[in-house]
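> one predicted model, sequence on top.
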Amino acid sequence: MSQIPSSEVEIAMRTLMLIIIAAMIASILSILVVKPFDKGGGNDDTPPETIQQPEPN
């Protein structure tokens with residue numbers, strides 16, 4: 001069984017930890033960015049107007 005130098009293990013662990021932290025930050029930022037658009041963008045509570053279509057002949 002080959003022995004892996006501890007410095008390589010430390011680099012791999014640090015890289016993995018940075019990737020996990022970056023993914024967590026990205027998910028938090030995506031939630032914060034998407035949340036304002038979740039409610040339709042407007043503050044008015046009026047329902048959208050119904051589109052009047054002519055009757056087919």
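Cool, the structure landed. Numbering: from 1, shown residues only.

> can you give me the mean pLDDT across stretch 3-22?
What stretch 3-22 shows for mean pLDDT is 91.

> what is the neighbour count of R14?
Neighbour count of R14, defined by other CB atoms under 10 Å: 10. For glycine as for every other residue, the C-beta is placed from the backbone atoms N, C-alpha and C.

> need the contact list for it.
R14 makes contact with no residue, according to CB atoms under 8 Å, 6 or more residues apart in numbering.

> and it, how far is that from I20?
11 Å (CB to CB, to the nearest Å).

> who touches both of these two?
In contact with both R14 and I20: no residue, using CB under 8 Å, 6+ apart.

> now do the buried residues in whichever strand or helix holds S30.
Assigned by DSSP states H and E, S30 belongs to helix 6-34. Buried residues in helix 6-34, counting neighbours by 16 or more other CB atoms under 10 Å, are absent.

> that helix: how far from the chain's middle?
Taking CA atoms, centre = their mean, to the nearest Å, one finds the center of helix 6-34 at 15 Å from the center of the full chain.

> list phi and psi for P56.
P56 adopts backbone torsions of phi -70, psi 150, taken as degrees, to the nearest 10.

> spit out the contact partners of it.
P56 neighbours (CB under 8 Å, 6+ apart): none.

> let me know the pLDDT of it.
78.

> P47 now?
72.

> regarding it, what is its secondary structure?
The local conformation at P47, judged by DSSP: H, G, I helix; E, B strand; the rest coil, is coil.

> centre-most residue in this structure?
In the chain, the residue lying closest to the centroid (CA atoms, centre = their mean) is S30, at 3.3 Å.

> what about that residue, distance to P56?
45 Å.

> same thing with M24?
55 Å.
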